[in-house]
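Peer 1: Structural data only, the sequence is not supplied:
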C-alpha cells in the first residue's frame, strides 16, 4: 500500500513541478535568475517527494511567476474541492489499464473521487478540451459522469465519482475465491440492464455514431440501486491514433464491437468465469469458445454459476440471458444485434415471472406497485388521503402534488382515458417504466383497477419552466439547458423500441427542470394508451403537426414538429398560440413565418430579455433548427439525434463568451432570412 501512496505523491508533485517549469521556461523574458531558481527548485523537488505532501506553500514560494494548477469542472454542481485538496489527499492505486493508472483519492473534506492519469495521449490543450466537452455531453444515469479534468503538456487527469461497491470484475472474480461478493440473480440482472441502458444511450448520440470502445467488467460499476454504470467512455478514442503495441486495433472499434464486448459481460455474469486467464496463469482459456463447445441442454449443469443454480425458478431467465449473450458474441459483426434490441430483450427478461403487473395483486392489497422493486410501504389510501394541490388538468388526466405524512412529495396523475383496457394499460406501463434517462420524468409507481388508474412520478420542485412564474428569470444559458435536456430525452425515446416509439404529447407544460437544471420531458408514452388522438383541439393548438390533424397518426416526425414549437417558444418568449393586434388567433409557427420575412424582424421575433446577450449568432442558429423542425412535410424535418447534436454545439459555443466578445457582434440586418427556412 505504501508504494501506491508513493506513486500518488510522485504524480501530484510532478504535475506541480512540470506546470511551474513549463511557465518559467516559456516566459517572454528568460532571465538567468529564473533559470537558476528553476534549477535549484527542481533538485529540491526530489527531496520533497520523500516527505508528506503537507507544505505546498514552501514548495511553491520560490516561483514568482508560478501558475497554480487548476481543475476544470464540467459537471453542473458547484465545485467543492480544488487541485490543492486533491494534492493533499490520501490515494491508492486501484487499477492499471490500457489508457492509464487509476487512483482512489480520499480528501480531507471527506470527498472521495477516482482520478485517472492518462498515458498514450498526446494532444493540444484545445483538442483535449474539445474531447472533454464531448465526454461531458453524454448524460445518463447509467454512464459514469466526468466531474473534472486537468491538462498540462505532460500530465492529463480525469476525475470521476467514486462507486463504493466497486467494479463488476472485482465483485465477480475478486482477488481470491474467498473475497468474491455474494451476487444474487436480481443484482446480476440489474448490472446487465443498467450497463445495457448506458451503452445503448451512447450509441444513440451524435447521429448514432458514437462508440464506447472499451467495455469490460472492470469498467462497469454499481450505483446505489445496484444497476450497472458504464465508465471510461471516450478514452479509447483519445489513444486510437497512436497505435501503441499494447492497444490491439482500437482504431477499428465500432458499435458492433461494443455489442460483442457487452456479450462477454453477460457471459461473465452467468458463468462467473473471467474471459481472460488470471495474471501469471499459463492456461489458454477462451470463454466464448468454451460456452459454444457445450450443448445448450447442458448449460444448466455445466455452464451456469453454481451459486445461481440454487434457485430453480430463475433458470428460464438465465437461459434467455445466455441466448442474447451468445448472439452478441457472434463472430460476424453483421449477425450481432443492435444495443437497442439487446436492451429491449434484457428488459423483457427482467419482467419475466416477477408478478409486478397483475391487477389482481394490486386490487387485493390496495398497494401501489413501485418500479424500483423496493418496499416503500405506501398504499393507495395513504396517497389519496395525503395533502394534495391541484397542478393542472391536461390531455390525459388531472395532476396533483401529493405530500405524504413523512414529507415526501410526488406528482400524481389520475388518468381520464375512456374505455381503457387493462392489457393495454399493462403493456404501456411496462414500457414507460423501463425508460430510464435523466431527461425523462421517471415513473415511480402505478395503480390499476377498473375504476381508477393512477401514475406516480418524481415531483419536480421548479415545475414547468416556459410560461409560469419561473420563466421571467430564464436567461439564454438556462433556455439552452431546457432545450438540450428536453431534446436528449426525446431522442432517447426515439432510439428505443421496435417498432418506433413516440412521445405523442410534447408541449411546454410537459417540460420541467431536473436537478441539474436541464429540461426534462414528462407524460411519456401516454398517447399509446388509446388508438385515437384524444388531444382536444384547444389544448393541441400550435403543437400538433399538420399531418396529425389530417391523419390522426402520431410519429417521431410529429414529435419533432412539436419540439420545434417549444424551441420557438424558448427563443421568442411567446406561447404556442398568440393573438395579433387585430384580435386574430394564430399559431406561433404561422406568426413567426409572417414576421421573419420582414426587414427588421430580429427585435420582434427574439424575446426582448435576450437582446442584451452577445450571442445573437447562436440565437439565430437556434431559431434555424426550430424552423427546420416545424417544416410542413415530415420528411423534411431532422431526426431528434441531429437536433440534439446541433443544440449541443450551440450550447458549447455559447459558454465561450470570452471568445465571442472579442469578435464583431452579428448584425441582425445582415442576416439572410432565407437561410432560416428549410426547403419545403
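Peer 2: Thanks, I have it. Predicted, not measured: the structure shown is a model, and the values here were computed from it. Numbering: from 1, shown residues only.
Peer 1: Can you give me the neighbour number for residue 316?
Peer 2: 12 (other Cβ atoms under 10 Å). C-betas here are computed from N, CA, C, even on glycine.
Peer 1: hang on, it in a strand?
Peer 2: No: Residue 316 is assigned helix when assessed by DSSP: H, G, I helix; E, B strand; the rest coil, not a strand.
Peer 1: residue contacts, residue 441?
Peer 2: By Cβ atoms under 8 Å, 6 or more residues apart in numbering, the residues touching residue 441 are 411, 457, 458, 460, 512, 520, 521, 522, 523, 524.
Peer 1: Residue 144 now?
Peer 2: 160, 161, 163, 221, 229, 230, 231, 232, 233.
Peer 1: picking that back up, can you add distance to residue 86 and give the contacts of residue 441 back as JSON lines?
Peer 2: Below are these laid out as JSON lines (distance: Cβ to Cβ, whole Å):
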{"residue": "411", "distance to residue 86": "39"}
{"residue": "457", "distance to residue 86": "38"}
{"residue": "458", "distance to residue 86": "33"}
{"residue": "460", "distance to residue 86": "34"}
{"residue": "512", "distance to residue 86": "35"}
{"residue": "520", "distance to residue 86": "32"}
{"residue": "521", "distance to residue 86": "37"}
{"residue": "522", "distance to residue 86": "39"}
{"residue": "523", "distance to residue 86": "43"}
{"residue": "524", "distance to residue 86": "40"}
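Peer 1: just curious, which of those is nearest to residue 503?
Peer 2: residue 524 (5.7 Å; Cβ to Cβ).
Peer 1: quick one: residue 211 from residue 203, how far?
Peer 2: To residue 203, residue 211 is 8 Å away according to Cβ to Cβ, to the nearest Å.
Peer 1: follow-up on the earlier one: turn the contacts of residue 144 into JSON lines, including pLDDT and neighbour count.
Peer 2: Conversion of these to JSON lines gives the following (pLDDT from 0 to 100; neighbours: other Cβ atoms under 10 Å):
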{"residue": "160", "pLDDT": "89", "neighbour count": "18"}
{"residue": "161", "pLDDT": "86", "neighbour count": "18"}
{"residue": "163", "pLDDT": "87", "neighbour count": "17"}
{"residue": "221", "pLDDT": "93", "neighbour count": "28"}
{"residue": "229", "pLDDT": "94", "neighbour count": "23"}
{"residue": "230", "pLDDT": "94", "neighbour count": "26"}
{"residue": "231", "pLDDT": "90", "neighbour count": "24"}
{"residue": "232", "pLDDT": "85", "neighbour count": "24"}
{"residue": "233", "pLDDT": "84", "neighbour count": "27"}
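Peer 1: and for residue 211 and residue 203, which residues touch both?
Peer 2: With Cβ under 8 Å, 6+ apart as the test, residue 211 and residue 203 both reach 255, 258.
Peer 1: Not counting sequence-adjacent ones, nearest residue to residue 570?
Peer 2: Distances taken as Cβ to Cβ, 6 or more residues apart in numbering put residue 479 closest to residue 570, at 4.7 Å, once the chain neighbours are dropped.
Peer 1: Now that neighbour: phi and psi?
Peer 2: phi -70, psi -40 (degrees, to the nearest 10).
Peer 1: Now do the contacts for it.
Peer 2: 570, 571, 610.
Peer 1: any idea which of these has the most stuff around it?
Peer 2: Going by other Cβ under 10 Å, residue 570 tops the contacts of residue 479 with 29 neighbours.
Peer 1: and that residue, that one's in a strand?
Peer 2: No: assigned with three-state DSSP, residue 570 falls outside any strand and is helix.
Peer 1: pretty sure it contacts residue 485?
Peer 2: No: with contact defined as Cβ atoms under 8 Å, residue 570 does not reach residue 485; the gap is 11.7 Å.
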